[in-house]
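Output the structure for:
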Amino acid sequence: MSVFYFLVIVFAILVAYAGFESTLRLIAYLDIKYRYQIIKMKMWFMKKRLERQLNLPTKDWNDFIKDMEKNNV
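Coordinates of the predicted model:
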């Protein structure tokens, strides 16, 4: 219960300091950052699953990526 009171006090201080709209922008920014981290984690798991399905050793995959980058320049 004390965590709830702490969050309410922090929210009230943020509203008093920066205003309601700026506080909501900060909360929206933190929400987007959190969702992006979840997506990055899911992408990492997908990459590992794809490497396992294709039986690609990591070293060969990295060499392939480097070769592709050289060809694009």
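
ok now the one helix or strand residue 7 maps to, how far from the chain's centre?
Using DSSP states H and E, residue 7 falls within helix 2-18. For helix 2-18, the separation from the chain centroid amounts to 25 Å (computed by C-alpha atoms, centre = their mean, to the nearest Å).

And that helix, what's buried?
Buried residues in helix 2-18, counted by 16 or more other C-beta atoms under 10 Å: residue 14. Glycine gets a C-beta too; all of them are placed from N, C-alpha and C.

tell me which strands and helices it is in contact with?
helix 20-54 (3 or more C-beta pairs under 8 Å, 6 or more residues apart in numbering; DSSP states H and E).

Which neighbouring elements make contact with the helix it packs on?
helix 2-18.

how big is the angle separating the helix it packs on from helix 20-54?
120 degrees (axes from the mean of the first three to the mean of the last three C-alpha atoms, to 10 degrees).
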